[in-house]
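> prediction below, plus the sequence it came from.
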Amino acid sequence: LNEKLRGPLSRNSDKGTAMPFVFLVGNHSSGKSSFINYVMGRNVQTAGVAPTDDAFTIIAPGNMDKDQDGPALIGDPDLGFSNLRLFGPTLMQHTQLKVRSGISTPTFMMVDSPGMIDNPTTSNNNTSHMDRG
């Protein structure tokens, strides 16, 4: 697909990450962080009504708690996220790694995305110009 669409990923980008991961996407305050805390079996992410962060947070199992910023994460070839550097410094600065001990998911990572905020609608009938129905 990358070749067909002439995407930015190199031919060797399918190396993969250190372990499989679940990527959560949704609006802000939709329960992504609460879901992660429930699945992990401990409070890893801050949950709240207002947006709590603006970064993609990768949560991985480990022997001790450790946080790593985006440039350090992407710079570590063993973790498999090195090709994210192709998307530029803005993404790198909005990515972080949280290694956590004592979580109930030792075989996979989870990625919490920053919450999306819907644009306000300009129509009075609560339908958008994208509706085809």
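Cool, the structure landed.
> going by C-alpha atoms from here, please, whenever you check contacts or count neighbours.
Will do.
> what residues does the longest helix anywhere in the chain touch?
As assigned by DSSP state H, the longest helix anywhere in the chain is helix 32-40. Contact partners of helix 32-40, identified using C-alpha atoms under 8 Å, 6 or more residues apart in numbering, comprise 24-26, 43-47, 103-105, 110, 112.
> one more time with 10 Å
Helix 32-40 has contacts (C-alpha atoms under 10 Å, 6 or more residues apart in numbering) with 22-26, 31, 41-48, 52, 59-61, 100-106, 109-115.
> so which elements touch the next helix or strand after that helix?
Using DSSP states H and E, the helix or strand that follows helix 32-40 towards the C-terminus is strand 56-61. Applying 3 or more C-alpha pairs under 10 Å, 6 or more residues apart in numbering; DSSP states H and E, one finds that strand 56-61 contacts strand 21-24, helix 32-40, strand 66-69, helix 70-75, helix 89-93, strand 95-100, strand 109-112.
> ok and strand 56-61 relative to strand 95-100, angle-wise?
If you take axes from the mean of the first three to the mean of the last three C-alpha atoms, to 10 degrees, strand 56-61 sits at 20 degrees to strand 95-100.
> for strand 56-61, list the C-alpha coordinates in PDB.
Extracted in PDB, the C-alpha atoms of strand 56-61 (Å, rounded to 0.1, in the frame of the first residue of the first chain):
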ATOM      1  CA  PHE A  56       0.600   9.800  21.300                       C
ATOM      2  CA  THR A  57       1.500   7.700  24.300                       C
ATOM      3  CA  ILE A  58       2.900   4.200  23.800                       C
ATOM      4  CA  ILE A  59       2.500   2.100  27.000                       C
ATOM      5  CA  ALA A  60       4.700  -1.000  27.200                       C
ATOM      6  CA  PRO A  61       5.400  -3.600  29.800                       C
END
